[in-house]
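K.L.:
Below: sequence and its predicted model.
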Amino acid sequence: MGRSAQVTYGSDEHVRQMLELLVLTLPGERVMRPELGSPARQLVFGPQDGPATVALGAALQSAIQQWLGDVLTLLDVAVEVTGSGVLEIVVTYEVRSTGTTDELRVRKDLP
């Protein structure tokens, strides 16, 4: 029999994995949960100006609170497009079950 890695529900690693999945999944990508996801990957192909990053930050905040509000407390969401063409998303959160504060940092080069 094969083995697979398992993490405990609500643990720091599990919450981080769920957050990564949510941020990197486009709405409509999951067949059984078409509303799950965030528009983060869409910004790669859209306008990268101030209003678009503000809207992305608000959409991320809303999605995280809706889908993961029972396992984490959202402290901050920051979205920035650097002058060198890199989209950076930083999500700061506290895991409810452990009280641990952590940060998820996602970086993507823009075309």
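P.N.:
Nice, thanks for sending it over.
K.L.:
okay, now residue 59: neighbour count?
P.N.:
19 (other C-beta atoms under 10 Å). Backbone N, C-alpha and C define where each C-beta goes, glycine included.
K.L.:
Regarding it, which helix or strand does it belong to?
P.N.:
Assigned by DSSP states H and E, residue 59 falls within helix 50-68.
K.L.:
what about the nearest residue to residue 59 once chain neighbours are set aside, how many neighbours?
P.N.:
The spatially closest residue to residue 59, leaving aside those adjacent along the chain, is residue 39, at 5.4 Å (C-beta to C-beta, 6 or more residues apart in numbering). Applying other C-beta under 10 Å, we find 15 residues neighbouring residue 39.
K.L.:
what's residue 39 in contact with, if anything?
P.N.:
26, 27, 56, 59 (C-beta atoms under 8 Å, 6 or more residues apart in numbering).
K.L.:
Now which of the residues you listed would you call buried?
P.N.:
56, 59 (16 or more other C-beta atoms under 10 Å).
K.L.:
Now the helix holding residue 59: buried residues?
P.N.:
52, 53, 56, 57, 59, 60, 61, 63, 64, 67, 68.
K.L.:
list the helices and strands it packs on?
P.N.:
helix 12-24, strand 72-81, strand 86-95 (3 or more C-beta pairs under 8 Å, 6 or more residues apart in numbering; DSSP states H and E).
K.L.:
Alpha carbons of it, as PDB, please.
P.N.:
Provided in PDB are the C-alpha atoms of helix 50-68 (Å, rounded to 0.1, in the frame of the first residue of the first chain):
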ATOM      1  CA  GLY A  50      -3.900  50.800  -8.700                       C
ATOM      2  CA  PRO A  51      -7.600  50.100  -9.000                       C
ATOM      3  CA  ALA A  52      -7.100  46.600 -10.200                       C
ATOM      4  CA  THR A  53      -4.800  45.700  -7.300                       C
ATOM      5  CA  VAL A  54      -7.200  47.300  -4.800                       C
ATOM      6  CA  ALA A  55     -10.100  45.300  -6.200                       C
ATOM      7  CA  LEU A  56      -8.000  42.100  -6.100                       C
ATOM      8  CA  GLY A  57      -7.200  42.800  -2.400                       C
ATOM      9  CA  ALA A  58     -10.900  43.300  -1.600                       C
ATOM     10  CA  ALA A  59     -11.900  40.100  -3.500                       C
ATOM     11  CA  LEU A  60      -9.200  38.100  -1.700                       C
ATOM     12  CA  GLN A  61     -10.300  39.400   1.700                       C
ATOM     13  CA  SER A  62     -13.900  38.500   1.000                       C
ATOM     14  CA  ALA A  63     -13.100  35.000  -0.400                       C
ATOM     15  CA  ILE A  64     -10.700  34.200   2.500                       C
ATOM     16  CA  GLN A  65     -13.300  35.300   5.100                       C
ATOM     17  CA  GLN A  66     -16.100  33.400   3.400                       C
ATOM     18  CA  TRP A  67     -14.200  30.100   2.800                       C
ATOM     19  CA  LEU A  68     -11.700  30.000   5.700                       C
END
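K.L.:
Cool, thanks, signing off.
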